[in-house]
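Novice: Dropping the sequence and predicted coords here.
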Amino acid sequence: MSQSGKKGLSRRGFLGSTTVAGAATLLGGTAIPAKSQEQSAQGNASASRPSQAEIDRDTAVVNLPQVDQTVQRPGSDLMVEVMNKLGIEFVVANPSSSFEGLHESIINKGPERNTKPELISALHEGSAVDMAHGYAKATGYPMAVMIHATVGLQNASMAIFQAFLDKTPMVILVGSDDTFIRAHIANDLGALVRPYTKWDAKPTTLPDTLLAIQQAYHEAMTPPCAPTLVVVDSLIQKQEAGNLTIPEYQAPAPLQISQNAAQEIAAGLLNAQNPRINVGRLRTPEGVALSVTLAELTGACVGTNANQGPMSFPQGHPLCGPGLTQDYDFTLGLEVKTDGYSIMAPDIGTLQDRDHNGVGLAIVSSRGEMAPEQGLLVADAQSSIQPIIDAIMADTTPQQRTEIASRRQQIADVNRQQRQQELRAQLERRRKGWGNSPVSTARLYADLWPHIANEDWCIGSQTNFSGGHHSDIWLHEKPYSCLGGSGGAGIGYSLGATTGAALAARDRERIVIGFQGDGDFNFMPGALWTAAHHQLPMLVIMHNNRAWHQEYMFIQHLTGERGRGTDRAHVGTTLRDPFVDYKMIAQGYGVEAEGPISDPEQLSAAYARGVAAVKEGRPYLIDVLTQPR
Amino acid sequence: MKLITRDLSGLLLKIQGAVIISIFYSGAYAQDLEKGQEIYYENGCYTCHGYQGKGTFVLRANILTPTPPVLVKGKAAFLGSEVLFRTYLRMRGEQRHDKPSVEMPHYPASVINDASVANLYAFISTFTEDEPELEDIEAMQWILDWEEKR
């Protein structure tokens, strides 16, 4: 791979340059050819309107062309094999002619048909991408999304944009059928979303397609993690593969800090009397486990982001908290900036930078060496923990072990006391409006906790619009306890993301909670059908304030500034006349539901019913009328 | 920040003046709770203050105010009397025309007339602090017990 910062090398030309060889070498395979000049020259015709014949075929009023031979081993079977070897559990899609070959392979290729990957049905491409987003944050690993050509990709684009900003890996397979509707074809499909995908390819042969899917997975999982895209030609999906075998795959080896840096950090942690580790968002649960080991070996108190987002330090661990005093004499940040040493993967950057530099190349711009003036090491923190642990194991003296054990106990006692005091203070704040109707947002969260505290749970939705009260009064113990926001602050994310988290939960004896804003819900409510169809364990709790409330307040503010009164601020900002019946919508999609509940005394019993259903694999929606925020 | 300070100092002067007036004047308008409730909802007071005036758990009620005040008598000085309340609403719009209030919308007489203010004040005056103590809230007590036992 090339160094970043080569201004002339955009990802538009990535596959068409010498960089191709580097990318292919990484996988030990052959280079993926760039799109030919001839294909490029077809140019503008791709945007023409569909002809009547094309529309007729799309609506199946004509006979499909006859095939003159039966393909014994379709190319798409090998694509499924590749995904299986990569460990991809699910492929989510809204069905389409351009990836029908791949679709058929997923559901019929043996020996275990429709298993790893399993086809998941979505009603909208944006919803499909949101599901992959939620799944990846819950597991740390990507699933795949199949999308149909220009039209499907444009539907999906906002959701891809958010996943990119949220540094979330997923593999997007875009079907392309050059023989079909011209309006659905583009010479450069990846260009539609290139500013916010990390890597893309348009392979022209079956071997290159297999290699590209592997490379897409590899790039998605290499920090900074992000969506990647492969255009999968429909004819390649259907061609005979013969004796072709799938290429060997080597998992990513993200950049670690240098040995010198690891030893320096290890010495700092061991020699400190009051060390501190702050943990941000690591990549996978394995990284979280390593951070726990590191804290325990060094007797450091730990700061966590587990109540705000995924893959951080368990909030209930005895070392998690402010510790003995806050005058720390050595501080280490893992994917979070601290005043001391910080190990952080390269940032995804700004849109402008991405277009010029190609974010996929940024990782190699650093060698993980110390930047002494800032204590910043640009490297993958998760991969860098083990070398620090190794150095600590080698260098810890018996006396240090004794001191660390003693400090661990002291910190645990102090943290426990502090947590209990803080919890009481946070609950005290939330008494406000406890008995009011509609239900206070604090009660929305507080009443649920007794029903799930002893379950294995995950919050799949964003929670900031409904007060995010779980952050202060629940305990976030698992890498997936809280999956955080959308990344791009766009609306429409939560229901799909909750559904994706529930996909991850289905076979893991876990339940998923979604605190679902009403405005957000109405973008892509069809995710509920996916939850019903695939029997996903997800409890959707409507934060129904019957408005796009943030905007309502902004308009009020502005009308106030202009002295025109607030009595019309509801115009265009509220969901009234008529009110939306979320119970009926959910039931229409096949999801059990109840509500609207405005009496707070009815809430806990409804939660009991909802949690019981979800534990049996039945999605459930409770519509709760709430105070605005 | 300076502008806000200047606005606030002006506001305090007005409130002092209004306090003096209110000693002798308790409001001359009939108070209609139902109409007051209508004004409260139609003007979207509830969006920041909640349906029962308890405020909301907001990240930001508007651009500069992190937490809207609880609308319960005794908790906010401007609820001391109808005159104080009216003065508070009015001055927010009329104190500095070039630097309008940024904490919440302001309400000159052209937007809410005096009779409507009286009704609104009457409705807001029905708000009370009626929350149970923490120990009397089953869910919260459960949360505290769970934390202690874990």
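Specialist: Yes, it's here. Residues are numbered from 1 along each chain as shown, chains lettered A, B, ... in the order given.

Novice: CA atoms for contacts and neighbours, from now on please.
Specialist: Will do.

Novice: Ramachandran coordinates for A:Pro74?
Specialist: Backbone geometry at A:Pro74, expressed as degrees, to the nearest 10, gives phi -70, psi 150.

Novice: what's near enough to touch it?
Specialist: A:101, A:237-241 (C-alpha atoms under 8 Å, 6 or more residues apart in numbering or on different chains).

Novice: Kindly reformat those residues as TSV containing distance to chain B.
Specialist: Compiled in TSV, those are given as follows (distance: C-alpha to the nearest C-alpha, whole Å):
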residue	distance to chain B
A:Gly101	49
A:Gln237	50
A:Lys238	53
A:Gln239	56
A:Glu240	58
A:Ala241	57
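
Novice: Could you pick out which of these are located in helices?
Specialist: If you go by DSSP state H, the contacts of A:Pro74 have A:101, A:237-238 in helices.

Novice: Just the element for the closest residue to chain B within chain A, please.
Specialist: Taking C-alpha to the nearest C-alpha, chain B has its nearest neighbour within chain A at A:Gly560, 3.7 Å off. If you go by DSSP states H and E, A:Gly560 is part of helix A:549-561.

Novice: ok, residues contacting the helix or strand following that helix?
Specialist: For helix A:549-561, the succeeding helix or strand toward the C-terminus, using DSSP H and E, is helix A:582-588. By C-alpha under 8 Å, 6+ apart, the surrounding residues in contact with helix A:582-588 are A:528, A:592-596, A:621-623.

Novice: run the last query once more with 7 Å
Specialist: A:528, A:592-595, A:621, A:623 (C-alpha atoms under 7 Å, 6 or more residues apart in numbering or on different chains).

Novice: so what does the next helix-or-strand element following it touch, helix or strand wise?
Specialist: With elements assigned by DSSP H and E, the helix or strand that comes after helix A:582-588 is strand A:592-597. Packing contacts for strand A:592-597, counted by 3 or more C-alpha pairs under 7 Å, 6 or more residues apart in numbering or on different chains; DSSP states H and E, involve helix A:582-588, strand A:620-625.

Novice: Mean neighbour count, the ones you listed: which tops it?
Specialist: strand A:620-625 (a mean of 26; mean count of other C-alpha atoms under 10 Å in any protein chain shown).

Novice: Could you list every helix and strand in contact with that strand?
Specialist: Using 3+ C-alpha pairs under 7 Å, 6+ apart, the elements in contact with strand A:620-625 are strand A:538-544, helix A:582-588, strand A:592-597, helix A:603-615.

Novice: Export the second one to CSV, keeping only CA atoms.
Specialist: Output in CSV follows, covering the C-alpha atoms of helix A:582-588 (Å, rounded to 0.1, in the frame of the first residue of the first chain):
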residue,chain,number,x,y,z
TYR,A,582,-47.5,3.0,16.8
LYS,A,583,-49.2,0.0,18.3
MET,A,584,-51.2,-0.5,15.1
ILE,A,585,-48.2,0.0,12.9
ALA,A,586,-46.2,-2.6,14.8
GLN,A,587,-49.0,-5.0,14.8
GLY,A,588,-49.4,-4.5,11.1
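
Novice: chain center to it, what's the gap?
Specialist: The gap between where helix A:582-588 is centred and where its chain is centred comes out at 27 Å by C-alpha atoms, centre = their mean, to the nearest Å.

Novice: How many residues are close by residue 87?
Specialist: As the question left the chain open, I've gone with chain A. 14 (other C-alpha atoms under 10 Å in any protein chain shown).

Novice: not what I meant, chain B
Specialist: 21.

Novice: Tell me how far it lies from chain A.
Specialist: Taking C-alpha to the nearest C-alpha, to the nearest Å as the measure, B:Thr87 falls 16 Å from chain A.

Novice: circling back to that earlier point, turn the helices and strands packed on strand A:620-625 into a markdown table, columns for distance to A:Asp395 and mean pLDDT.
Specialist: Below are these laid out as a markdown table (distance: least, C-alpha to C-alpha, whole Å; pLDDT from 0 to 100):
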| stretch | distance to A:Asp395 | mean pLDDT |
| --- | --- | --- |
| strand A:538-544 | 47 | 98 |
| helix A:582-588 | 59 | 98 |
| strand A:592-597 | 58 | 98 |
| helix A:603-615 | 48 | 98 |
